[in-house]
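J.: structure, please.
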Amino acid sequence: MIGHLQGRVDLFIHPGEYEFADEHFCLRTTLGSCVAITLWHPKRRLGAMCHFMLPERGRTSADEELNPRYADDALELMFREARRHHTKPYEYEVKVFGGGNMFPSAIRRTGPSIAARNMEAADRILKHAGLRVRARHVGGSGYRNIIFDIASGEVWVRHVALKRVAGWR
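T.: Residues are numbered from 1 along each chain as shown. Take a look at the predicted model:
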């Protein structure tokens, strides 16, 4: 894999960020309960990745600035970039990653976890946009390292699961 990515510019996407780039870039991130969505245009070799932390903000006004920490805003920002590059969101392959339970030994609170809410938000927004998810690696426990090669559209996932320790709650 390393040799395959030589010559690419490596960009690390931090929580609450997104990036849109061409085939000369490789996008990376590390996820826990957050979710990353990748978009890849196979003909134009364009791609995007977001790393959102929360499902939605509930903006109070339409002119409020979009914030990629939230699923709905992050996807809208990526869709705007797609249109700015004279492409349409439905032309992209979509992949979804993350939503891991970072505290599997913790006592379960009522209601869905932030990880579950993030995954639900991603599914809802993508379905509303009419986009089909081509691949996903979500849920479970632990964290994931994600590498997205925009030249090929390949996404590599390294998943490190957390295990419940006997005697811990």
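J.: that's a helix at residue 123, yeah?
T.: Yes. Residue 123: assigned to a helix according to DSSP: H, G, I helix; E, B strand; the rest coil.
J.: where in this structure is pLDDT low?
T.: Residues of the chain meeting the criterion pLDDT under 70: 1-5, 59-61, 103-110, 163-169.
J.: tell me which stretches of it form helices.
T.: Under the criterion DSSP state H, the chain contains helices at 71-84, 114-128.
J.: from the chain's centre, how far out does stretch 116-133 sit?
T.: 11 Å (C-alpha atoms, centre = their mean, to the nearest Å).
J.: dump it to CSV, keeping only the CA atoms.
T.: What follows is stretch 116-133, C-alpha atoms only, in CSV (Å, rounded to 0.1, in the frame of the first residue of the first chain):
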residue,chain,number,x,y,z
ALA,A,116,-25.5,5.6,17.0
ARG,A,117,-27.0,9.1,16.5
ASN,A,118,-24.1,10.0,14.2
MET,A,119,-24.6,6.9,12.1
GLU,A,120,-28.4,7.5,11.9
ALA,A,121,-27.8,11.1,10.8
ALA,A,122,-25.4,10.0,8.0
ASP,A,123,-27.9,7.5,6.7
ARG,A,124,-30.8,9.9,6.9
ILE,A,125,-28.9,12.7,5.1
LEU,A,126,-27.5,10.5,2.4
LYS,A,127,-30.9,8.9,1.8
HIS,A,128,-32.6,12.3,1.6
ALA,A,129,-30.0,13.4,-1.0
GLY,A,130,-30.8,10.2,-3.0
LEU,A,131,-27.3,8.8,-2.6
ARG,A,132,-26.6,5.1,-2.2
VAL,A,133,-23.8,4.0,0.1
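J.: give the buried residues for it.
T.: Using 16 or more other C-beta atoms under 10 Å as the test for burial, stretch 116-133 gives 116, 117, 118, 119, 121, 122, 123, 125, 126, 131. For every residue, glycine as well, the C-beta is placed using N, CA and C.
J.: name the nearest residue to residue 131, ignoring sequence neighbours.
T.: In this structure, residue 131 finds its nearest non-sequential neighbour in residue 94, 5.0 Å apart by C-beta to C-beta, 6 or more residues apart in numbering.
J.: quick check: bridge partners of residue 39?
T.: residue 48, residue 94 (DSSP bridges).
J.: any idea how far the spatially closest residue to residue 161 that is not a sequence neighbour is from residue 155?
T.: Excluding the flanking residues, the one nearest residue 161 by C-beta to C-beta, 6+ apart is residue 142, at 4.2 Å. With distances taken as C-beta to C-beta, to the nearest Å, residue 142 is found 18 Å from residue 155.
J.: between those two, which one's more packed in?
T.: Taking other C-beta atoms under 10 Å, residue 142 and residue 155 do not tie; residue 155 has more neighbours (21 against 15).
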